[in-house]
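Asks: Here's a sequence, model it:
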Amino acid sequence: MNCGPSMPGSVETSLQALYRDVDRIAGLLHSFHGDRLRCRKGCADCCIDGITVFEVEARYILKNCSRLFRTHPAHPPGACAFLDSEGSCRIYGFRPYVCRTQGLPLRWIDEDRRPSPVEMRDICPLNDPGPPIVELPSDACWSIGPFEARLAGLQREMSGGPMKRVLLRDLFEPDRAGRLSGGHPREQRKERS
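Replies: Below you'll find the predicted structure:
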């Protein structure tokens, strides 16, 4: 039984739909780029400490991965807290948006550039060999913006308050994660004992 923080069922359903959409488009991009993408199970170069997610995603992880928090410690600092000793993700099926798009060629519009906005692009250095990223058609890159806007909408729907971001490592800390409302799985276990 899952015993993490509560989140409205409609928000969770919408978040799952968002993840399905992300996975579908990311899957198409993975197919398009074929051998260029070196990201495989155990490649954890992008899985670093300091990654934050919207509170809605943090609650989703806490709810669906409560057993992990009760039975396993966080991965040592320096890498993502959710990695196992072989560098594989322990929450892969429930991983947040940012993790679902890692490694893909990225594009976004830098609105702060003057005199006018500029399209920016980036790719993981491990995946750099291949056609220059600046020459790729726009639809061959992951466009940053639309899915972040959907996530922000779900965050507003869930909390109605300010846009909170949560460090992934903090989900292993009962005093920090408990502030997400509903408590932390480790603390809930203690209360039931």
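Asks: drop to CA atoms for contacts and neighbour counts, all remaining ones
Replies: Will do.
Asks: Is residue 121 part of a helix or strand, or is it coil?
Replies: Following DSSP: H, G, I helix; E, B strand; the rest coil, the label given to residue 121 is strand.
Asks: That one pairs with what?
Replies: residue 107 (DSSP bridges).
Asks: wait, doesn't it sit right on residue 132?
Replies: No - counting by Cα atoms under 8 Å, residue 121 stays clear of residue 132, with 10.3 Å between them.
Asks: Between those two, point out the one with more neighbours.
Replies: Neighbours were counted for residue 121 and for residue 132 using other Cα atoms under 10 Å; residue 121 has more, 19 against 8.
Asks: Let me see the contact set for the nearest residue to residue 48 once chain neighbours are set aside.
Replies: Take residue 48 and drop its neighbours on the chain: the residue closest to it by Cα to Cα, 6 or more residues apart in numbering is residue 79, 4.2 Å away. Shown in contact with residue 79 (Cα atoms under 8 Å, 6 or more residues apart in numbering): 44, 47-49.
Asks: Of those, which belong to helices?
Replies: Among the contacts of residue 79, no member falls in helices (DSSP state H).
Asks: Of those residues - the most surrounded one?
Replies: Ranking those using other Cα under 10 Å puts residue 47 first, with 19 neighbours.
Asks: Distance-wise, check the residue nearest to residue 48 relative to residue 8.
Replies: 31 Å (Cα to Cα, to the nearest Å).
Asks: Spatially, and excluding backbone neighbours, which residue is closest to the residue nearest in space to the middle of the chain.
Replies: Residue closest to the mean C-alpha point of the chain, counted by Cα atoms, centre = their mean, is residue 96 at 2.5 Å. Spatial nearest neighbour of residue 96, chain neighbours left out: residue 57 (6.2 Å); criterion: Cα to Cα, 6+ apart.
Asks: ok, back up a step: just give me the least confident of the contacts of residue 79.
Replies: On pLDDT alone, residue 44 ranks lowest of those, at 84.
Asks: Strands of this protein, start to end?
Replies: Per DSSP state E, the chain has strands spanning 52-54, 106-110, 118-122, 142-143, 165-167. These are given in chain order.
Asks: Now render these as a markdown table, adding distance to residue 28.
Replies: Converted to a markdown table, these look like this (distance: least, Cα to Cα, whole Å):
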| stretch | distance to residue 28 |
| --- | --- |
| strand 52-54 | 24 |
| strand 106-110 | 14 |
| strand 118-122 | 18 |
| strand 142-143 | 10 |
| strand 165-167 | 29 |
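Asks: ok, residue 82 touching residue 92?
Replies: No - using Cα under 8 Å, residue 82 makes no contact with residue 92, being 9.1 Å away.
Asks: Those two: who's more crowded?
Replies: A side-by-side neighbour count of residue 82 and residue 92, using other Cα under 10 Å, places residue 82 first with 27 against 12.
Asks: How much space separates the more buried one from residue 89?
Replies: Counting by Cα to Cα, the gap from residue 82 to residue 89 is 6 Å.
Asks: same deal with residue 127?
Replies: 20 Å.
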